[in-house]
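*Asks:* mind folding the following:
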Amino acid sequence: MTNNLKPGERLDDLQIKGYEIIQSPGRFCFGMDAVLLSAFAKVKAGECVLDLGTGTGILPILLAAKTKGKHFTGLEIQEESADMARRSVRHNQLEEQIDIVTGDIKEASQIFGHGSMDVITTNPPYMIGGHGLANPESAKAIARHEVLCTLDDIIRESARTLKAGGRFYMVHRPFRLAEILTAMCEAKLEPKRMRLVYPYVDKEPNMVLIEGIRGAKSRMTVEPPLIVYEKDGSYTREILEHYGMTGTGKE
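*Replies:* Presented below is the predicted three-dimensional model:
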């Protein structure tokens, strides 16, 4: 591993296979949603995976560590974030497994080709539009708000880029669930599996994990709820396992 940090950047330990990721607190750092999505997504041996809006490359790196996928590609429109992702890939010596491409989600099917991917993952902007943002061009605004792409863009391009029977995995916010499921069905990206994430057992869910399959028949499984915190504020065992912090030796 080589240290190739720029001013203002830091290396964060990913708690799996010794991998680390380069991040800049002034831009946008990955959160729990990316970690939970990497655990929810299923990647089989020999499959090719595309992560839409990869940011600093957290999902391709985690999926390369956790699965037997053949190849992982991250698509990111912001060159600064893409550059950090490429340096993290080199830092972890994953150049043969992971490619980072600078490009627009709205053009994903043109960039990679229709029916070219087995699996697509995405942790997209949750908020609608850039209304009220002081600086809608900032890295954090682009990561959090639909400034450069919409939910419809993501689902349309995912459906086009996936092979028949290919799988789509997304983490989003429950308040947009009706919109998400409608858009997926219209794109023939059939919702097949869903899991709601609750901060505490007695609170409303604040994340939803969704799996869709291109061209599948209608039938969805709702998995048991995922609770993040115990009553005392400590992480639940399942969350600790996802972060590799249980001391069980699991990766």
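
*Asks:* my guess is L14 contacts I61. True?
*Replies:* Yes. Assessed by Cβ atoms under 8 Å, L14 is found in contact with I61 at 6.8 Å. Yep, even glycine has a C-beta here, placed from its N, CA and C like the rest.

*Asks:* so which of those two has more stuff around it?
*Replies:* Legend: neighbour count by other Cβ atoms under 10 Å for L14 and I61, higher for I61 (31 against 21).

*Asks:* could I have the CA atoms of the host helix or strand of the more buried one written out in PDB?
*Replies:* For I61, the host element (DSSP states H and E) is helix 58-66. In PDB, the C-alpha atoms belonging to helix 58-66 read as follows (Å, rounded to 0.1, in the frame of the first residue of the first chain):
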ATOM      1  CA  ILE A  58     -16.600   2.900  -1.000                       C
ATOM      2  CA  LEU A  59     -19.100   0.400  -2.400                       C
ATOM      3  CA  PRO A  60     -16.700  -1.100  -5.000                       C
ATOM      4  CA  ILE A  61     -14.000  -1.500  -2.400                       C
ATOM      5  CA  LEU A  62     -16.400  -3.100   0.200                       C
ATOM      6  CA  LEU A  63     -17.900  -5.400  -2.400                       C
ATOM      7  CA  ALA A  64     -14.500  -6.500  -3.600                       C
ATOM      8  CA  ALA A  65     -13.700  -7.400   0.000                       C
ATOM      9  CA  LYS A  66     -16.900  -9.100   0.800                       C
END
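
*Asks:* list the contacts for G8?
*Replies:* S24, P25, G26 (Cβ atoms under 8 Å, 6 or more residues apart in numbering).

*Asks:* got a pLDDT number for N4?
*Replies:* We have a pLDDT of 77 for N4.

*Asks:* so the residue nearest to it when sequence neighbours are not counted: helix, strand or coil?
*Replies:* Among residues not flanking N4 along the chain, R87 sits closest, at 5.0 Å (Cβ to Cβ, 6 or more residues apart in numbering). Secondary structure, DSSP: H, G, I helix; E, B strand; the rest coil: R87 is helix.
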